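1. A structural model of the following input is requested.
(one chain, ligands or ions: 1)
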Amino acid sequence: MDMNFFLPVKVIFGNGRIRELGSLISGDRIMIISDHALLELGFVSEVKEKIGRTDFIEFCEVEPNPSCETVDKAAKLARDYSVDTIVAVGGGSVMDTAKAVACLVSNNGQIKDYLNGSKTFTSRKVRLICVPTTSGTGSEVTNVGVYTDKSSGVKKPLVSEFFWSDFALVDPRLTFSLPKSVTASTGLDALAHAVESYWAKSSQPVSEALAIRAVNLIMKYLQRAYTDGDEESREGLSMASLLAGMAFSQTRTTILHAISFPLTNIYGLPHGFACSLAMPEVLKLNYKVIGNKLDILIRYLGLKNIDELSNELEALMRAIGAPRKLSEIGIREKDIDGLVESSLSSPIAKLNPAKIGREELREIFETIL
Ligand SMILES: [Fe+2]
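-> Sure, this is the predicted structure:
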């Protein structure tokens, strides 16, 4: 068989390892990218202290599902200051913004030029250090960023060979105080990354090994992290998110993420809840096509069959307060056709092993209406 595996990110993982941040910085023109909430909670101050210097600029205005306008605003600041190092402190939205800004410093134009394909990044001179503060996105080890074009309301992924960070500094301690709802949603995002990477047509032995372990850790720790938030479960989820990110960095995601885009853009559902809403239904459809492969995952999890796995997923999602029906977020029968079209317009929908076209997706949405 043929296989490619490429992951050019130095990973530093462990409780308290944020103390090593200062040693990763080699430049003189440093920019911190983060968001309002993390600034208020003191995370940005902690990072500044660990960098051990005071001569840098900050951009702490990244919103959930970052807009092209926000990326361009941060990029202007970075260009004006001739930034040579960017430290991204936050969740997926912050890290995705930082990836684009790091590239825009060395490439002209606006992020929309790259999102619509009229330009391509050709270099990156800025060192990028990602410090995740949630356990879900995996963005610290992928070369994908997702951006929202407010004028069209479309949320689109952008892949670039220049989006890999130089360092992923994953300190589980930074997730210890995550609110329950964020723990639930980001944990389910990681689960979707792992499950989709595992079943993706583009999967391969290394990504499968990473994905299967990530699913195992999430099934073991997500509910506990939500209920108790103890150190062991937080650390387990941070590792799971990292492994799931590594897995889907090789394979990309599939129909669950394709479905998530309109659910988030139009109905405002948090990303992880949007990715997992149809997981049990898609799992059953995929089992008909790749049953043997899914049986390996089922046995690894200590379960007997596909129904047990589906029930476990359902129980986990209910236990952590994830919406289980489209109607819970205001979707009605008349909205389904639009949702189907919008979901299938995403190219990643085609990476799903079972063919899910208009008819099949309509059926899935009717089941979970
Ligand atoms: Fe995701």
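
2. show me where the chain has its strands.
-> With strands called from DSSP state E, the chain shows them at 10-13, 30-33, 56-59, 85-90, 127-132, 144-149, 154-159, 167-170.

3. adding mean neighbour count, write these out as CSV.
-> Quick note: C-beta positions are derived from backbone N, CA and C, even for glycine. Putting the strands of the chain into CSV (neighbours: other C-beta atoms under 10 Å) gives the following:
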stretch, mean neighbour count
strand 10-13, 14
strand 30-33, 24
strand 56-59, 18
strand 85-90, 27
strand 127-132, 26
strand 144-149, 22
strand 154-159, 17
strand 167-170, 24
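
4. of all the ones you listed, which lies closest to Lys99?
-> In this view, the strands of the chain are compared for proximity to Lys99 by C-beta to C-beta, and strand 144-149 is the closest at 4.7 Å.

5. how about the residue most central in space within the chain, nearest residue that isn't a chain neighbour?
-> Relative to the mean C-alpha position of the chain, the nearest C-alpha, by C-alpha atoms, centre = their mean, is the one of Thr137, at 2.7 Å. If the residues on either side of it in the chain are set aside, Thr137 comes closest to Gly92, at 3.1 Å by C-beta to C-beta, 6 or more residues apart in numbering.

6. then Gly236?
-> Tyr221 (3.7 Å).

7. list the contacts of that neighbour.
-> Tyr221 makes contacts with 232-233, 236-237, 240, as judged by C-beta atoms under 8 Å, 6 or more residues apart in numbering.

8. what about burial for those, which qualify?
-> 233, 236-237, 240 (16 or more other C-beta atoms under 10 Å).

9. check those and tell me the two furthest apart.
-> Longest distance between any two of the buried ones among the contacts of Tyr221 is 10.2 Å, between Ser233 and Ala240; criterion C-beta to C-beta.

10. ok, Leu158 touching Asn116?
-> No - in this structure, Leu158 is not within contact of Asn116 by C-beta atoms under 8 Å, at 9.8 Å.

11. distance of Glu328 from Arg127?
-> As defined by C-beta to C-beta, to the nearest Å, Glu328 lies at a distance of 43 Å from Arg127.

12. picking up where we left off before, out of the buried ones among the contacts of Tyr221, who's nearest Val282?
-> Distances from Val282 to the buried ones among the contacts of Tyr221, taken as C-beta to C-beta, are shortest for Ala240 (20.0 Å).

13. for the closest one, which non-adjacent residue is closest in space?
-> If the residues on either side of it in the chain are set aside, Ala240 comes closest to Leu217, at 3.7 Å by C-beta to C-beta, 6+ apart.

14. repeat for Tyr226
-> Ile320 (4.5 Å).

15. residues touching that neighbour, list them.
-> 180, 183-184, 187-188, 222-223, 226.

16. derive a PyMOL selection command for the buried subset of these.
-> The following PyMOL selection, which keeps only the buried ones among these, applies the criterion 16+ other C-beta under 10 Å:
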select buried, resi 183+184+187+188+222+223+226
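
17. could you identify the most distant pair in the contacts of Ile320?
-> Distances among the contacts of Ile320 were taken as C-beta to C-beta; the most separated pair is Lys180 and Leu188, at 12.7 Å.

18. got any ranges where the stretch 151-300 of the chain has weak pLDDT?
-> Residues of the stretch 151-300 of the chain that meet the criterion pLDDT under 70 are absent altogether.

19. and the helices in it?
-> Using DSSP state H, counting those that start in this stretch, the helices found in the stretch 151-300 of the chain span residues 180-199, 205-227, 231-251, 255-265, 271-276, 279-300.

20. could those be laid out in a markdown table, adding distance to Ile356?
-> Shown next, in a markdown table, are the helices of the stretch 151-300 of the chain (distance: least, C-beta to C-beta, whole Å):
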| stretch | distance to Ile356 |
| --- | --- |
| helix 180-199 | 12 |
| helix 205-227 | 20 |
| helix 231-251 | 17 |
| helix 255-265 | 5 |
| helix 271-276 | 15 |
| helix 279-300 | 7 |
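
21. right, so of these, which gets closest to Leu174?
-> Leu174 sits nearest to helix 231-251 of all the helices of the stretch 151-300 of the chain, at 8.6 Å, using C-beta to C-beta.
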